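> Take this sequence and fold it.
(one chain, ligands or ions: 1)
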Amino acid sequence: MGKVLIIGAGGVGTVVAHKVAQNRDVFTEIMLASRTKSKCDAIAEKIGKDIIKTAQVDADNVEDLIALFNSYKPELVINVALPYQDLTIMDACLACRVNYLDTANYEPKDEAKFEYKWQWAYQDKFKEAGLTAILGCGFDPGVTSVFTAYAAKHHFDELQTLDIVDCNAGDHGKAFATNFNPEINIREVTQKGKYWENGKWVETEPHEIHKPLNYPNIGAKESYVIYHEELESLVKNFPSLQRARFWMTFGQEYLTHLRVIQNIGMARIDPIIYNGVEIVPIQFLKAVLPDPGELGENYVGETSIGCRIKGLKDGKERTYYIYNNCSHEAAYKETGAQGVSYTTGVPATIGAMMFFKGLWRQPGVFNVEEFNPDPFMEQLNKQGLPWHELFDVDLEM
Ligand code: NDP
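Residues are numbered from 1 along each chain as shown. Take a look at the predicted model:
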């Protein structure tokens, strides 16, 4: 049915490669390309050599991407490199008439700020070219956005409050490590908090608002309001929302390490000169921290991510909680990657499947909640991320 090119051979790329290879009725030809080709070769070899082709590409360089697209001629690119590469890959897609999907919105390298404005600006170009761009198709953003669309479609006449709750109750046995790319992760969690209330954004100090929340099969975990990218598109696409927040659990050890990293300047994203060489402290830190892709082997416990929603149905107030729990061990056993990479790579694969099946294929740039959630929800159950619903429960909000 479809020829797909995956860009990025990290933790998420590993999972996407495994999952597309498990669905060869949909993905008939597969290529994995990344900055370091040997990483692509190692993943391809584990899956079975003849299933996945591999290539080297510098995704910061549009000409390099165009050369690869022209030689392989994919129909869809799954971008699971870093958010810095979103725009160059979108430019190359337009130049070569290739469709596009990613899991994280664009972020400039020199400013720790993510926003959809840069990618939404491509709307007319993709529309005119008759190409589809699917934005934010991981777990959060991604599944949480589809959960919200599913709730709006089937269970509510009006959404009033949305609290996305993201708990990682896993233990990788390291003193400090991040679950996905350290540079992107540390930039995300150290910025100021922000949430939507009564038609405007409310800013908080980093980790200012927190309380324990109870997660299914896990129990109570201290959870912190942070800003997360799907809030921006969800409040636009569901304008009845009076409040929208994102909560993430952090352990005390993690927060202490983070504070020290910031206080000693290791989270800096501006270049400094060290022994006559220009280095960016956070990039150097990434080089000495554990590789998130290698955390899987000893990772125990599970993640629990979901949406807690209040709204109206048939004139009555209703509460609703939809979530998925994912075991790190089960994810590792299946793909060789831990649960955070798994919960991102599986939805990216399902989004690509939606595209090739013609279910999510429309000219323009879309956030996932703009598409029909039903076939995606059905695939979550089949592809390893089953979901559960609770009605009229205490949302703890
Ligand atoms: P990793 O750092 O493990 O992997 C990133 C990969 O991209 C690496 O293989 C890296 O190459 C490659 N890469 C980086 N720069 C370039 C470049 N210029 N050209 C080609 N390849 C490049 O990250 P993850 O796998 O953890 O994350 C991948 C993406 O998924 C990120 O954008 C992240 O923000 C997103 N994500 C989304 C989530 C969601 O739920 N929506 C959750 C978690 C992650 P090399 O190996 O040479 O360094």
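> When you work out contacts or count neighbours from here on, use the C-alpha atoms and nothing else.
Will do.
> buried sites along the helix or strand hosting Ser71?
The secondary structure element spanning Ser71 is helix 62-72 (assigned by DSSP states H and E). Going by neighbour count (16 or more other C-alpha atoms under 10 Å), the buried part of helix 62-72 is Val62, Leu65, Ile66, Leu68, Phe69, Tyr72.
> OK, contacts around the fourth one?
Contacts for Leu68 were tallied using C-alpha atoms under 8 Å, 6 or more residues apart in numbering; they are Val57.
> got it, and the third one?
Ile66 is in contact with Ala92, Cys93, Ala95, Cys96, counting by C-alpha under 8 Å, 6+ apart.
> Sort out for me which of these are in helices.
With helices identified by DSSP state H, the entries of the contacts of Ile66 that belong to them are Ala92, Cys93, Ala95, Cys96.
> Return the member of those nearest to the ligand.
When these are compared for distance to the ligand (C-alpha to the nearest ligand atom), Ala92 comes out closest, at 12.9 Å.
> you'd agree that closest one is up against Val62?
Yes - counting by C-alpha atoms under 8 Å, Ala92 sits close enough to Val62 to count as a contact (5.7 Å).
> need the ones in helices among the contacts of Ile66 in TSV with neighbour count and distance to the ligand, can you?
Written out in TSV, the entries for those read as follows (neighbours: other C-alpha atoms under 10 Å; distance: C-alpha to the nearest ligand atom, whole Å):
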residue	neighbour count	distance to the ligand
Ala92	23	13
Cys93	25	15
Ala95	16	18
Cys96	18	18
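> and stretch 330-344, how far apart are its ends?
For stretch 330-344, the first and last residues are 15 Å from each other (C-alpha to C-alpha, to the nearest Å).
> Report the mean per-residue pLDDT for it.
With pLDDT averaged residue by residue, stretch 330-344 scores 96.
> Please apply the same query to stretch 246-257.
On average, stretch 246-257 scores 94.
> Spell out the secondary structure type for His228.
For His228, the assignment made with DSSP: H, G, I helix; E, B strand; the rest coil gives coil.
> any idea how far it lies from Arg243?
Using C-alpha to C-alpha, one obtains 14 Å as the distance from His228 to Arg243.
> Let's check: the centremost residue of the protein is which one?
Centroid check for the chain by C-alpha atoms, centre = their mean gives Gly138 as the closest residue, at 3.6 Å.
> can you pull the contacts of that one?
Under the criterion of C-alpha under 8 Å, 6+ apart, the contact list for Gly138 reads Asp102, Thr103, Ala104, Thr343, Thr344, Gly345, Val346, Pro347, Ala348.
> and the residues you listed, which of them are in strands?
Among the contacts of Gly138, DSSP state E puts Asp102 in strands.
> Could you export the contacts of Gly138 as TSV, including distance to the ligand?
What follows is the contacts of Gly138, written out as TSV (distance: C-alpha to the nearest ligand atom, whole Å):
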residue	distance to the ligand
Asp102	8
Thr103	4
Ala104	5
Thr343	7
Thr344	5
Gly345	8
Val346	10
Pro347	9
Ala348	9
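> Out of the contacts of Gly138, who's the most crowded?
Neighbour counts for these peak at Ala348, which has 32 neighbours (criterion: other C-alpha atoms under 10 Å).
> Was I right to think it contacts Ala104?
No - assessed by C-alpha under 8 Å, Ala348 is found out of contact with Ala104, at 10.7 Å.
> which neighbours do the two share?
Shared contacts of Ala348 and Ala104, counting by C-alpha under 8 Å, 6+ apart, come down to Cys137, Gly138.
> that older thread, tell me what the residue nearest to the centre of the chain is bridged to.
The residues listed as beta-bridge partners of Gly138 by DSSP bridges are Gly142.
> Quick one, grab the pLDDT at it.
Here the pLDDT value assigned to Gly138 is 98.
> Check the gap between it and Ser34 for me.
Between Gly138 and Ser34 the distance, using C-alpha to C-alpha, works out to 19 Å.
> Kindly report the same for Leu87.
In this view, Leu87 and Ser34 are 16 Å apart by C-alpha to C-alpha.
> For the helix or strand of the chain with the lowest mean pLDDT, C-alpha coordinates in PDB please.
Here the helix or strand of the chain ranked lowest by mean pLDDT, DSSP states H and E is helix 182-190, holding a mean of 87. Once non-C-alpha atoms are left out, helix 182-190 reads as follows in PDB (Å, rounded to 0.1, in the frame of the first residue of the first chain):
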ATOM      1  CA  PRO A 182      18.000  15.000  27.200                       C
ATOM      2  CA  GLU A 183      18.400  18.300  25.400                       C
ATOM      3  CA  ILE A 184      14.700  18.500  24.300                       C
ATOM      4  CA  ASN A 185      13.500  17.100  27.600                       C
ATOM      5  CA  ILE A 186      15.500  19.400  29.900                       C
ATOM      6  CA  ARG A 187      14.500  22.400  27.800                       C
ATOM      7  CA  GLU A 188      10.800  21.400  28.100                       C
ATOM      8  CA  VAL A 189      10.600  20.800  31.800                       C
ATOM      9  CA  THR A 190      12.700  23.700  33.000                       C
END
